[in-house]
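Chemist: for reference, the sequence and a predicted model appear below.
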Amino acid sequence: MSNPATATSPKLTRPDGSPVRVLVVDDESNLTELLSMALRYEGWEVRTAGTGTAAVREAKDFQPDAVVLDMMLPDFDGLEVLRRMRDRDDAVPVLFLTAKDAVEDRVAGLTAGGDDYVTKPFSLEEVVARVRALMRRTAVSADQSSSLLAVGDLTLDEDSHEVTRGGQEITLTATEFELLRYLMRNPRRVLSKAQILDRVWNYDFGGQANVVELYISYLRKKIDAGRDPMIHTMRGAGYVLKPAQ
């Protein structure tokens, strides 16, 4: 099975060197089989569950490093699974699988403590990339010496909220900081307006999606003004932050 999106990515392991563990929860057996195959291709250990009850039981026994969790399950929904898992382990990152048009599900999942989401239908490569990013992000946040995000000559300290580019300090508002942090946690990844709205503002603005354009313009004036640009617009897709050329 070819997986070009992650073929050159460094292998992720647990601190003891053993394979990372991923729990996949969905009541569609064909989907869990495909996801498991893609995740095992990365060298990761995978378990699956088809109900919320089984998911909570597996999470307790398996102690996964990440969970791929469908919002809709036969017995109780993904939000309840998340709540019960977080009662035992509040650090495990969760990637929600949601219906294509269910904005309210995505918002509810992220508000309840989910870390990211993908909408059905999705590519296996996208899910693998998202899970990899979540585990890296969790590892960074768990390391007290690694609160610093860096992309090219741009740095952001998640603890002190200090931002610099080329050694020059940049002052941001709270919302600008959260937007930049989201972009920097996902370097070289195109983020749609919907994703940015959900993660930075925590709900859907409906017809006011231009708020993203507005805040991107604010950031550009502070981050890119007089310098080689780092924030790029991908027409029809969203925005991406990457090191200046």
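Modeler: Right, received. Where do you want to start? Numbers count the residues shown, from 1 in each chain.
Chemist: pull the helix or strand with minimum mean pLDDT from this protein.
Modeler: helix 103-111 (a mean of 64; mean pLDDT, DSSP states H and E).
Chemist: so V190 sits right up against L241, yeah?
Modeler: No. Counting by Cβ atoms under 8 Å, V190 does not reach L241; the two are 9.9 Å apart. In this view, the C-beta of every residue, glycine as well, is placed from N, C-alpha and C.
Chemist: give me the residues contacting stretch 124-135.
Modeler: 3-6, 9, 12, 20, 22, 34-35, 38-39, 41-42, 65-66, 68, 93-95, 115-116, 118, 185-186, 189 (Cβ atoms under 8 Å, 6 or more residues apart in numbering).
Chemist: out of the residues you listed, which are buried?
Modeler: Neighbour counting with 16 or more other Cβ atoms under 10 Å marks 6, 12, 20, 22, 35, 38-39, 42, 65-66, 68, 93-95, 115-116, 118, 185-186, 189 as buried within the contacts of stretch 124-135.
Chemist: okay, now the unreliable bits of the protein?
Modeler: Residue ranges of the chain with pLDDT under 70: 1-11, 15-16, 89-90, 100-113, 137-146, 202-209, 245.
Chemist: show me where this protein has helices.
Modeler: Along the chain, counting by DSSP state H, helices occupy 29-41, 52-62, 78-88, 103-111, 124-142, 174-185, 193-196, 210-223.
Chemist: and those helices: which comes nearest T233?
Modeler: Among the helices of the chain, helix 210-223 comes nearest to T233, with 7.7 Å by Cβ to Cβ.
Chemist: list the buried ones in the closest one?
Modeler: Judged by neighbour count using 16+ other Cβ under 10 Å, the buried positions of helix 210-223 are 212, 215-216, 219-220, 223.
Chemist: L179: which of these is nearest?
Modeler: The nearest one, if we look at the buried residues of helix 210-223 relative to L179 and count by Cβ to Cβ, is Y215, at 5.4 Å.
Chemist: which non-adjacent residue is nearest the closest one?
Modeler: Once flanking residues are discounted, Y215 sits nearest to L179: 5.4 Å by Cβ to Cβ, 6 or more residues apart in numbering.
Chemist: you'd agree the one you found is up against R220?
Modeler: No. Between L179 and R220 there is no contact under Cβ under 8 Å: 11.1 Å.
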